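Enquirer: structure of the sequence below:
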Amino acid sequence: MARLLDFGLANIELWRSEEMQLVQLMVPAESAHDAIGALGDVGLLQFKDLNADKSAFQRTYANQVKRCDEMARKIRFFHDQVEKAAFAIGHRALPDKGYDLDELEGKLDELETEMLEVNGNSERLARTYNELVELQLVLEKAGSFFDQARVEAQAESFERMYSVPEAMDAPLLESALPSDASKAGRLGFVAGLIPQEKLNGFERLLFRATRGNMFLRHTPVGSVKDPATGEQQEKHVFVVFYAGERARTKVLKICEAFNANRYPFPEGPARQRQMHGEVTARLRELHTTIEAGERHREAVLQNIAFNLDQWATQVRREKAIYHTLNKLSMDTSRRVLVAEAWCPLAAKPRVHEALRQAAQASATQVSAVLQPLVTGDPPPTFFKTDLFTNCFQAIVDAYGVGRYREVNPAVFTIVTFPFLFAVMFGDFGHGLIMLMFASYLLMNEKKFLKQQLNEIFGMAFAGRYCIMLMAVFSIFTGLIYNEFFSMPMTLFGGSRMRCFKNGALQPAVHDLRVCPEIGGEVAFPPGINPYPFGVDPAWHGTKSELPYLNSVKMKMSILLGVSHMNLGIMMSLFNNLYFRDRLSTLCEFIPQVGVVMHLAGGWCSCASLYSTGLFCTQLPYNNMWHSVVGSLHGTVWGSNLQQHAGS
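Expert: The predicted structure follows:
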């Protein structure tokens, strides 16, 4: 019975999961690392955790895992530095003989120390350079304030000295003038830079804190790098004049609260010019030093970027090896590691060969021993896929993984998934675009397999064969729907329908949309076959196009959905026959067949056909309500055609 209902599907490799066997592996401790690495390259063993009662810190190779985590942290740090410098990361395959774990750890430690030192020096130099730039701006802008004040003071003194007194009793000597100079105190000032958005609040708070006993001068200097953050900011140079020590204390606290950078500013013009020259010379020296440091930093980052992907791959590989070794149990002599793993029967020769090569590479005198175990545990489900079937198996696994040796729905999904997509999005033009995109992916398949793709393009590339089938089926259903970018096609000629008025053919009416306006109706002429393939172009652009085509597509989707349900029920029968589960066949399969297939399937199919036939009584450009009423009175689609044929 099972062979009769198998229909030859058992010969398909993907029809059922691979036969699995539980094996025990005894590996010498000195060659365990190489043996697990070789088995990982094979990639066909699923190890059982024999140390489930131990925490992660109590396992044998916990320290090695910590070292791999630390190396992974350093690689992430290097990756961030390379991305900030906008360098391309080189993607290279892992060599046969890479760095040893200790060598790679030392190399990464050395590079991290050098990178941190270079970054620290660069940050300090950049901060000093930005501070000197701001000091130079203060010397230039604040110096202009004092120069302007001196010029105004000299002009006022000259005018007072040579002016004629208005009163005859005015004193002739300046010393005779009343003066309060002895009572006046010496003015102090603070100079610096402040961000433009904080200037108004800074000025208001100064005025209130000193009760108006201050004088503020400021001028914009444009965009300047802030020494603390390194960001470009619009800033102003300011000079605050005050009188008294209490006012000075208040001004300094307010400057600190508003993050205003204060700089020393000499009073004498000669000292200002001397200080400006020193700052300019220091800026030139710092610029040369920063350029040399940047060249050294770029050289270090280029070397890191070239090897970063290879190091990351090796660290991930080492961490995976030690994670697997932590699942193995150690014997009392601590010389042999014991492992249990599920292995496909077809892969056992490859496993033996990998263990033999690992023993030769490690130069151990004792090779690993592989022997089968008898167990009652359910084996895991494993499907052997290739580049074509991998994406379809991933679609099925996204909904759930079947039990061991169950029928695999991916065999039918290869056809049904792309076809259902085409039923929903059938269009000849859209299908051609998808076909061109899928062809591009397939023609460059080898090149893209060697590259590290981003998330979105990598997802599209992984489903390239599915996209190809969806494109082919979309072209097919687009021909059925007779649509090219939602426009009708005439690949098989024009419409077969003609305009009739009072039973007489109207050959002069070529545009069928005019037929109802002249009192005629659209129908097939006698002896003319319908449109050879797909929907007649006459339906497009009519009032009844949307109800008719939507009805056809909807009912077709219902029929396909019911067919899918029936297919699932039949697959459950295949599973019951394979596992010899007669109870499920009697209590599940037969009731499902009776209920779903006969009631749901038969009712939906009949209702779909009846509804489709009901709407088929509508001809394009004719009155929809008239056609429906005629159908309810027993008029079939061919009645009008027979009337025209008889006339």
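Enquirer: run the chain-centre distance for stretch 239-248.
Expert: 58 Å (Cα atoms, centre = their mean, to the nearest Å).
Enquirer: how long is that stretch from one end to the other?
Expert: One end of stretch 239-248 to the other measures 13 Å (Cα to Cα, to the nearest Å).
Enquirer: how about the strands of the stretch 351-500 of the chain, start to end?
Expert: 369-372, 483-484, 487-488, 498-501 (DSSP state E, counting those that start in this stretch).
Enquirer: residues of the first one that come out buried?
Expert: The one in question is strand 369-372. Across strand 369-372, burial judged by 16 or more other Cβ atoms under 10 Å covers residue 370. Where C-beta positions appear, they are placed from N, C-alpha and C, glycine not excepted.
Enquirer: hey, C-alpha coordinates of that strand in PDB?
Expert: The C-alpha trace of strand 369-372 is given here as PDB (Å, rounded to 0.1, in the frame of the first residue of the first chain):
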ATOM      1  CA  VAL A 369      37.700   6.300  17.800                       C
ATOM      2  CA  LEU A 370      34.200   6.600  16.300                       C
ATOM      3  CA  GLN A 371      31.500   4.000  17.200                       C
ATOM      4  CA  PRO A 372      27.700   3.900  17.000                       C
END
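Enquirer: show me what that strand is packed up against.
Expert: strand 20-28, helix 348-362 (3 or more Cβ pairs under 8 Å, 6 or more residues apart in numbering; DSSP states H and E).
Enquirer: if you set the cut-off to 6 Å instead, what comes out?
Expert: strand 20-28 (3 or more Cβ pairs under 6 Å, 6 or more residues apart in numbering; DSSP states H and E).
Enquirer: list the buried ones in the strand it packs on?
Expert: 20, 21, 22, 23, 25, 26, 27, 28.
Enquirer: could you dump the strands of the stretch 351-500 of the chain to JSON lines with mean pLDDT and distance to residue 521?
Expert: JSON lines is the format used below for the strands of the stretch 351-500 of the chain (pLDDT from 0 to 100; distance: least, Cβ to Cβ, whole Å):
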{"stretch": "strand 369-372", "mean pLDDT": "90", "distance to residue 521": "79"}
{"stretch": "strand 483-484", "mean pLDDT": "86", "distance to residue 521": "25"}
{"stretch": "strand 487-488", "mean pLDDT": "80", "distance to residue 521": "21"}
{"stretch": "strand 498-501", "mean pLDDT": "76", "distance to residue 521": "6"}
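Enquirer: need the buried residues of strand 20-28 in TSV (columns: distance to residue 480).
Expert: Putting the buried residues of strand 20-28 into TSV (distance: Cβ to Cβ, whole Å) gives the following:
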residue	distance to residue 480
20	44
21	49
22	52
23	53
25	57
26	63
27	61
28	66
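Enquirer: tally of neighbours for the closest residue to residue 403 other than its chain neighbours?
Expert: The spatially closest residue to residue 403, leaving aside those adjacent along the chain, is residue 381, at 6.7 Å (Cβ to Cβ, 6 or more residues apart in numbering). When neighbours are defined as other Cβ atoms under 10 Å, residue 381 has 17 of them.
Enquirer: pLDDT of the longest helix seen in the chain, averaged?
Expert: Criterion DSSP state H: the longest helix present in the chain is helix 101-161. Across helix 101-161, the average pLDDT comes to 82.
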